[in-house]
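Chemist: Sequence and predicted model, in that order:
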Amino acid sequence: MRPILIELGPITLYSYGLMMALGFMAAYTVLHKEHLRLKLKVDNAGTLLIIGLVSGIIGAKILYLFTDWDRFVQDPVRMLFSPAGLVWYGGFIGGFAGMFYYVRKKRLPVLQYLDMIGLGGMIGYAVGRLGCHFAGDGDYGIPTELPWGTIYANGTVKPTTAAADYFSRNPEAAAEWNYRELAAHIVDSNRYGSITEFDLTVAMHPTPVYEFLMGVVVFFILWKLRLKLHPAGMVFGVYLLLMSVQRFAIEFLRLNPVAALGLSQAQLFSIGIFIAGLVMIYILKQREKLNHI
């Protein structure tokens, strides 16, 4: 892992920031092309994306603070202004709310813009996930012996720390991977903390890479369907279905704790998004039938 790519005096280029910027550019390219195809005002593409980015970060941070309320109460300033701590579904809600508000306020064609938001959001999210991989920020998965398993010892969040809760809930897995003994043996350190023997020897599922690959596949499916699905809004409905399925699936390999019914918070939220997608597609189909009567 390489959280920092370049350091030139006071200038530091972070891998996470670079991938976020590339994700932003990829999303903008898609929005720009769709604005041209649909003969809409191109200036709205950049504005919409900036609003989505800012409101998404705000939503992700707010939900993170609520999900870790005890730590926030103990140290509110540090938790509030820390660059870490962004909850995916908080970002989804915040980003969508911000962009939807802008579209309605400007009286733009809502359903067409929802389709574009789905397309741009999917590719932007996919590219951005690679930033989590290169930064090693704790979004990786459980231990694995697969050949592409990744050592995250140089990441900003060490596997010893990220996996602590997972192993406390799964003592059999802790014994299988010899977690307690390896995690107790500190062998090195860097600017992000101590490095244990567990960090150096146990590979983890590179789940951000999996999400990148699945996100790219979903994007190209949506890109092909955008010229075939009618009426407007159907692409966004399918986006909700596919995005929620990929997120639900990847959670089985993540280190996130169980919230209810044996599922993580992200999985429960994914179920809600999937249902919303089904409802939206049904309503659009019913409207289309009525229009043809």
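Modeler: That came in fine, so what should we check first? Residues are numbered from 1 along each chain as shown.
Chemist: so where is the chain shaky, pLDDT-wise?
Modeler: In the predicted model of the chain, residues 64, 66-89, 292-293 satisfy pLDDT under 70.
Chemist: hey, where'd the helices end up in the stretch 51-200 of the chain?
Modeler: Secondary structure of the stretch 51-200 of the chain (DSSP state H, counting those that start in this stretch): helices at 69-74, 76-81, 88-105, 110-135, 159-162, 164-169, 171-176, 179-183, 197-201.
Chemist: Of all those helices, which one comes closest to M214?
Modeler: Nearest to M214, of all the helices of the stretch 51-200 of the chain, is helix 110-135, at 7.7 Å by CB to CB. C-beta coordinates here come from the backbone N, C-alpha and C atoms, glycine included.
Chemist: Just list what the closest one packs against, helices and strands only.
Modeler: In terms of contacts (3 or more CB pairs under 8 Å, 6 or more residues apart in numbering; DSSP states H and E), helix 110-135 is packed against helix 15-37, helix 43-67, helix 88-105, helix 207-225, helix 234-250.
Chemist: Out of these, flag the one nearest L284.
Modeler: Closest approach to L284 among the helices and strands packed on helix 110-135 is made by helix 234-250 (5.8 Å; CB to CB).
Chemist: How about that closest one, which residues are buried there?
Modeler: 234-248, 250 (16 or more other CB atoms under 10 Å).
Chemist: and after it, which helix or strand comes next?
Modeler: The element immediately downstream of helix 234-250 (helix or strand, assigned by DSSP states H and E) is helix 265-291.
Chemist: With the flanking residues excluded, which residue is spatially nearest to A184?
Modeler: Of all residues beyond its chain neighbours, the one nearest A184 is T196 (7.3 Å), with distances taken as CB to CB, 6 or more residues apart in numbering.
Chemist: Ignore what I typed, I meant A276.
Modeler: Nearest non-adjacent residue to A276 (CB to CB, 6+ apart): L240, at 5.8 Å.
Chemist: Next, count neighbours for D115.
Modeler: Neighbourhood size, D115 [other CB atoms under 10 Å]: 25.
Chemist: pretty sure it contacts V235?
Modeler: Yes: in terms of CB atoms under 8 Å, D115 counts as a neighbour of V235; the distance is 3.9 Å.
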